[in-house]
Every structure is written in structure tokens, then in C-alpha cells.
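**Student:** Structure, please.
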Amino acid sequence: MTTLPSPTALDFHNQQTFETCIALTLQIVATLEFAPVLGRDRPTRETVLAFAEQAERHAQALAVLAGFPNTDVPAAGQHWYAHLSTQRDDPVQVAYHALHAAAYLGLDGGATTGTLLAAVAHALRVLAQREGTLTN
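**Tutor:** Alright, predicted model coming up:
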């Protein structure tokens, strides 16, 4: 029988932080998609940009946790955004795809998960620049 090491309090905290980040990121993307359709106010450009900044901060932290502190995660995220947008021309679709991939990879995905989360952040920046247009 193999015994797995018990997760530490830090591991548990990191997992909770990651899951919260994924859930909140999904919420902001869904808000950008559905708020106009439901007659609700969209978040302001400043709010979306601030959220993108925080998502990139979390993405960089994932790379650091994975042992890649010198990775330029925002640049890698922009690269992945460009790659994904060739197949999905809508930034909301790109954001959902990258977010699903990041959620699937989880913390074990390390810098790759961070890169995908940074791609979502870049998609949010693109959406913020389109303020006032319908995204659905």
C-alpha cells in the first residue's frame, strides 16, 4: 500500500485560492457576456482592467509556485490568446476556452495553468477595450 503525504495547510490554502480565482474569473467573463442581454449594467472598463491585472498576478504566482519565477507569464498569455483567437474570433470564447483548460490543469499544471489564466486576463483587456459593444 502506498501512503500519500498529507496536504499541508499551505497546499490547502493554495488550492482554495486557485479555486476562488477560477470561480471569480468565470463570473466576470459570464457577466461580460450576459449582462447586456439581461439588461444589466456591464462592469466598467476600469473594473475589467483591474480584474485582468489581478488575474495576471495570480497567473504569475502559479508560475512561481511551479518553480518558474522568471517566466514572463503576461507575454506567454498574450501569445496563447493570439493562438486561440485564430480558432475562436470572439474574446469571450477565447476566455472560456483558456479558463476551462486552466481549471482542468489545476495547480499541478503550474506555469502552463498560469499562462492560460494570463490568456484569460488578456481576453478581458480586449473586452474592456470594446466597452459599450454587445459581446454575445
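**Student:** Point out where this protein drops to low pLDDT.
**Tutor:** For the chain, the stretches with pLDDT under 70 are 1-7, 9-10, 132-136.
**Student:** 80 - rerun?
**Tutor:** In the predicted model of the chain, residues 1-10, 88-89, 131-136 satisfy pLDDT under 80.
**Student:** quick one, helices of it?
**Tutor:** 9-34, 45-65, 73-85, 91-105, 110-129 (DSSP state H).
**Student:** Kindly reformat those as CSV containing mean neighbour count.
**Tutor:** To be clear about C-beta, it is placed using only N, CA and C from the backbone, and glycine gets the same treatment. Shown next, in CSV, are these (neighbours: other Cβ atoms under 10 Å):
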stretch, mean neighbour count
helix 9-34, 15
helix 45-65, 19
helix 73-85, 19
helix 91-105, 20
helix 110-129, 25
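**Student:** Many thanks, have a good one.
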